[in-house]
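S.K.: Predicted model, plus sequence, below.
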Amino acid sequence: MFVVPPAVQLLDLTGPVQVFYEAATYGQSYRLTFCSYQPLVNSAAGLGLGPLVPFAGVPLDPGDRVFLPGLAMDYLRSDAFRQEGAAFFAWLREQHARGVHLCSVCTGAFILAHAGLLDGKKCTTHWRRLAELQARYPRVRAQPDTLFVRDGGIDTSAGLTAGIDLALYLLEERHGPLFATKVARELVVYARRGAQHGQRSVYLAYRNHLHSGVHRVQDWLADNLAAGATLAALADVAHMSPRTLTRAFRQATGLSIHAYTTALRRELAATLRHNPALTQESIAAQCGFRNVRQLRRLELTRTGESTI
C-alpha cells in the first residue's frame, strides 16, 4: 500500500510504485493500493491527486508493506502535519504491531519518527534533512551516508531515487537477484545501488570547481577505470604538466588523484556486485585491478571486512 500524504514529493511516490508495477506485469502478485488521510491532496509540485481511499478502510495482513513517501518540509514543520495526521499516526503504530512492514522514502521518515516508530531504531533520510530528523526526534538513531536502513520491520531510505533502490532490494529479497535485475532493466536502471552506497555519489562529488583540466581528468577516469593510466597520460588529458596537474587536482577536489581513483573504483565495485552474472574476477577487471586480491584489499581498507 502506498500512502499519498499532502505535499507529497512525486518521485518518492512514483519511483517505488513503478518498481512494483513492473514486477506485477512480470507475473508477481502485487496489488497496488493508494490511500491518504485526505480524499484529495496536492503534491509538493502542485499536482492534484485523488480521490484516494481512506487509510483505515484498507485491509492489511501481516507481511504486507506500507510505503511512506517524502513530503515538503514546510508541511512537515507545520501544525497541520501534527493535527491532520494524528489518527493516521495511531493507525501506523497499530499496523506495525500487527506485523505490517513499514517503508519510508526521503522525508517520509519524519512520519515514522513522529509516530514514535523510530525510537531507538537506526534509520536514514535525505542527507540534507538528517540533522533535523535527529534534532526533532532525539530518540532515533539517524545514520548518515547510507541509501537505506532496515531495523525491526521498518525500512527507511534516503532521498528520491533511493526509494527505487530500496524497492528493487525488496524484490531481490523475495524473488531473487535475476528477477530484480530484469525489473531494473525494464526501468533502465543499470547501476543498481545497495544499502552500503553513500547518498552522495563520488561521480557527482568533488565537482564543485571550475578547473576545466581537472574536470577532463575526472571524466576520463570515470570512463576508463578498467584501462588504468599513468600520471603522464592524465597530464596529457588535462593539457598540463604532471606536476601542475597533481597540485591543481588536489586544490580543486581536496583529494589526490590516487584517492579519487580509489573512490571511483570502490563505488563501481559496489554497483557491479548487484549483477549476478558477473564473477569477482570480472568485477576486479572492470574496476582496473589485476586480480581479486586487489579488490578485496580495497574493501578491507574501508570496512575492515571483505564481502568476497
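M.R.: On my side now, so go ahead. Please read these numbers as outputs of a predicted model, since none were measured by experiment.
S.K.: Is residue 278 in a helix, a strand, or coil?
M.R.: Following DSSP: H, G, I helix; E, B strand; the rest coil, residue 278 is assigned to coil.
S.K.: what's the closest non-adjacent residue to it?
M.R.: Distances taken as C-beta to C-beta, 6 or more residues apart in numbering place residue 272 nearest to residue 278, at 5.6 Å, with adjacent residues excluded. In this view, the C-beta of every residue, glycine as well, is placed from N, C-alpha and C.
S.K.: The one you found against residue 284, yeah?
M.R.: No: with contact defined as C-beta atoms under 8 Å, residue 272 and residue 284 do not form a contacting pair (9.5 Å).
S.K.: Pick out whichever of the two has more residues nearby.
M.R.: The neighbour count for residue 272 versus residue 284, taken as other C-beta atoms under 10 Å, is higher for residue 284 (24 against 17).
S.K.: Got the confidence number for the more buried one?
M.R.: We have a pLDDT of 91 for residue 284.
S.K.: what about the closest residue to it other than its chain neighbours, neighbour count?
M.R.: Spatially, and ignoring its direct neighbours in sequence, residue 284 is nearest to residue 295 (4.2 Å; C-beta to C-beta, 6+ apart). Neighbour count of residue 295, defined by other C-beta under 10 Å: 25.
S.K.: what's near enough to touch residue 295?
M.R.: When contacts are counted by C-beta atoms under 8 Å, 6 or more residues apart in numbering, residue 295 touches 269, 280, 283-284, 287, 289, 308.
S.K.: how does it look with 10 Å?
M.R.: 265-266, 269, 273, 280-281, 283-285, 287-289, 306-308 (C-beta atoms under 10 Å, 6 or more residues apart in numbering).
S.K.: circling back to that earlier point, shared neighbours, residue 272 and residue 284?
M.R.: Here residue 272 and residue 284 share the contacting residues residue 278, scored by C-beta under 10 Å, 6+ apart.
S.K.: Residue 263 is in contact with residue 205, correct?
M.R.: Yes: contact status for residue 205 versus residue 263: in contact at 8.2 Å, counting by C-beta atoms under 10 Å.
S.K.: So which of these two has more stuff around it?
M.R.: Each of residue 205 and residue 263 has its neighbours counted (other C-beta under 10 Å); residue 263 has more, 18 against 15.
S.K.: Give me the secondary structure label for the more buried one.
M.R.: Strictly by three-state DSSP, residue 263 counts as helix.
S.K.: Make sure it is actually in contact with residue 287.
M.R.: No: if you go by C-beta under 10 Å, residue 263 and residue 287 don't touch, sitting 11.6 Å apart.
S.K.: ok, back up a step: which helix or strand contains the residue nearest to residue 284?
M.R.: helix 292-303 (DSSP states H and E).
S.K.: Just the mean pLDDT for that helix, thanks.
M.R.: Here helix 292-303 scores 74 as its mean pLDDT.
S.K.: go on, stretch 55-62?
M.R.: 94.
S.K.: Under the pLDDT cut-off, which ranges of this protein? List them.
M.R.: Under the criterion pLDDT under 70, the flagged ranges of the chain are 190-201, 203-204, 300-308.
S.K.: how does it divide into domains?
M.R.: For the chain, automatic domain parsing gives the domain ranges 2-186, 212-303.
S.K.: how far is the last one from where the chain is centred?
M.R.: Pointing back at domain 212-303 there. 23 Å (C-alpha atoms, centre = their mean, to the nearest Å).
S.K.: Farthest from the middle of the chain: give me that residue.
M.R.: When each C-alpha in the chain is compared with the mean C-alpha position (C-alpha atoms, centre = their mean), residue 241 comes out farthest, at 39.0 Å.
S.K.: doesn't residue 234 make contact with that residue?
M.R.: No: with contacts counted by C-beta under 10 Å, residue 241 stays clear of residue 234, the gap being 11.0 Å.
S.K.: Output the contacting helices and strands for the helix or strand where residue 165 lies.
M.R.: Using DSSP H and E, the element containing residue 165 is helix 162-175. Here helix 162-175 touches helix 10-25, strand 65-68, strand 101-105, strand 148-151, strand 154-157, helix 177-186, going by 3 or more C-beta pairs under 10 Å, 6 or more residues apart in numbering; DSSP states H and E.
S.K.: Can I get it in CSV? Just the C-alpha atoms.
M.R.: Extracted in CSV, the C-alpha atoms of helix 162-175 (Å, rounded to 0.1, in the frame of the first residue of the first chain):
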residue,chain,number,x,y,z
ALA,A,162,16.9,5.8,-3.2
GLY,A,163,13.3,4.7,-3.0
ILE,A,164,13.8,2.8,-6.2
ASP,A,165,16.9,1.2,-4.9
LEU,A,166,15.0,0.1,-1.8
ALA,A,167,12.1,-1.3,-3.8
LEU,A,168,14.5,-3.3,-6.1
TYR,A,169,16.2,-4.7,-3.0
LEU,A,170,12.9,-5.8,-1.6
LEU,A,171,12.1,-7.5,-4.9
GLU,A,172,15.5,-9.2,-4.8
GLU,A,173,14.9,-10.4,-1.3
ARG,A,174,11.6,-12.0,-2.2
HIS,A,175,12.2,-13.2,-5.8
